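> What shape does this take:
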Amino acid sequence: MPDSYLFFGCIQLVIPMTMSPIDRKTFLKDISLLAGVAIVSGPAFAIDPLREKSSVKLGFVTYLWGKDWDLPTLIKNCADTNIRGVELRVEHAHNVMPELNAAQRLEVKKRFADSPVQLVGLGTNQQFDFVDQGQLKASIERTKEFIRLSADVGGSGVKVKPNALHKEVPTEKTITQIGESLNEIARYGAELGQQIRLEVHGEETQELPMTKRIMEVATHPNATICWNCNPQDLNGKGFESNFNLVKDRFGATCHVRELDRTDYPYQALLANLVKMNYSGWVLLECHTNPADKVASMKEQRAVFDRMIAKV
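Prediction:
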């Protein structure tokens, strides 16, 4: 009598017909139990959501490595290194500033549209902690100029800073001023489709509990946080605790240094971003000065891909 064949998905089991009826019954029971275990927990069957393709994207900040490149060079270098998004620091050689006229703005937008590189937004130095209220008003108005510029050139948002506390002013007053300023520009940005991204920055304002307090005032949903990978992220209860304090307010950008540095938990950061289904940009804001910056960009691309694969 020929043997019987039993299929579990793509696995074929042969049941010898020489088995007694009792043995065959026990065998089939055991196999069904084992198959159930394999389907639930076996690596060949289980689907780990963290192993699915990540939506986290690698981009570039023109803080140091790109500060001397004009726009065509910058776009080419990003495309050549498979880095497909860029935040332009203002006041650098690419010269994307509010003083551009309508035709020049259209040219910037077209350059990005004709390339594989996306303009993520503009990185400004505008801040809202000024004691002098005239300076505060001027900074808010200048931020609005950058918001209009970003909209015109095809960006999706503008990065700003808190940026300090002042001994002569009660802390709570400064926190409220920063938060209310963010609400004003967030409302303005929302009308133009531009996200406001508060960089975690400043000697005291970069402490994550302080950032959280600011964002408790800045309640407008278009006011978001740009995580900045500061040493202070490890203070207090540590990285995980600080990350969890503000992760619900993350915007579309996160700044990192060289990802293969060992003084910051970059692997844990990427794991957390993937876990929360973050679909924004991890932007390289590297602080070293390599002789061949394009080669270094390629290296960071490879590091990023390896780290995401580990997640």
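> can you list the weak-confidence ranges in this structure?
Low-confidence segments of the chain (pLDDT under 70): 1-53.
> Please, where are all the strands along the stretch 151-300 of the chain?
Ranges of strands in the stretch 151-300 of the chain, per DSSP state E, counting those that start in this stretch, are 157-161, 195-199, 223-227, 250-256, 281-284.
> among these, which is nearest Leu74?
Comparison of the strands of the stretch 151-300 of the chain against Leu74 by C-beta to C-beta identifies strand 281-284 as nearest, at 13.0 Å. For every residue, glycine as well, the C-beta is placed using N, CA and C.
> ok, back up a step: need the strands of the stretch 151-300 of the chain in a markdown table (columns: distance to Val61 and mean neighbour count).
As requested, the strands of the stretch 151-300 of the chain are exported to a markdown table (distance: least, C-beta to C-beta, whole Å; neighbours: other C-beta atoms under 10 Å):
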| stretch | distance to Val61 | mean neighbour count |
| --- | --- | --- |
| strand 157-161 | 9 | 27 |
| strand 195-199 | 10 | 28 |
| strand 223-227 | 10 | 26 |
| strand 250-256 | 6 | 23 |
| strand 281-284 | 5 | 26 |
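> what's the closest of these to Gly85?
Closest to Gly85 of these is strand 281-284 (C-beta to C-beta; 5.0 Å).
> In the chain, which strand is the longest?
The strand that spans the most residues within the chain, counting by DSSP state E, is strand 118-127.
> Spell out which strands sit alongside it in the sheet and which way each one runs.
Strand pairing for strand 118-127, using DSSP bridges, gives strand 85-89 (parallel), strand 157-161 (parallel).
> Give the buried residues for it.
The neighbour-count check on strand 118-127 (16 or more other C-beta atoms under 10 Å) flags Gln118, Leu119, Val120, Gly121, Leu122, Gly123, Thr124, Gln126, Gln127 as buried.
> The fourth one contacts Val86, doesn't it?
The one in question is Gly121. No. Assessed by C-beta atoms under 8 Å, Gly121 is found out of contact with Val86, at 9.0 Å.
> Would you enumerate the residues in contact with Pro72?
Residues near Pro72 by C-beta atoms under 8 Å, 6 or more residues apart in numbering: Arg111.
> next one: phi and psi at it?
phi -60, psi -40 (degrees, to the nearest 10).
> distance of it from Gly202?
Distance of Pro72 to Gly202, computed by C-beta to C-beta, to the nearest Å: 34 Å.
> And Thr288, by the same measure?
According to C-beta to C-beta, Thr288 stands 23 Å off from Gly202.
> now Ile185
17 Å.
> between the two, who's got more neighbours?
Each of Ile185 and Gly202 has its neighbours counted (other C-beta atoms under 10 Å); Ile185 has more, 27 against 19.
> Nearest spatial neighbour of Ala102, chain-adjacent residues omitted?
Asp152 (7.6 Å; C-beta to C-beta, 6 or more residues apart in numbering).
> And for that neighbour, the neighbour number?
Applying other C-beta under 10 Å, I find that Asp152 has 18 neighbouring residues.
> Ok, the one 10 residues further on next?
Counted with other C-beta under 10 Å, residues neighbouring Pro162 total 26.
> Ramachandran angles for the residue lying closest to it once chain neighbours are set aside?
Distances taken as C-beta to C-beta, 6+ apart put Thr205 closest to Pro162, at 3.8 Å, once the chain neighbours are dropped. Per-residue torsions, Thr205: phi -80, psi -10 (degrees, to the nearest 10).
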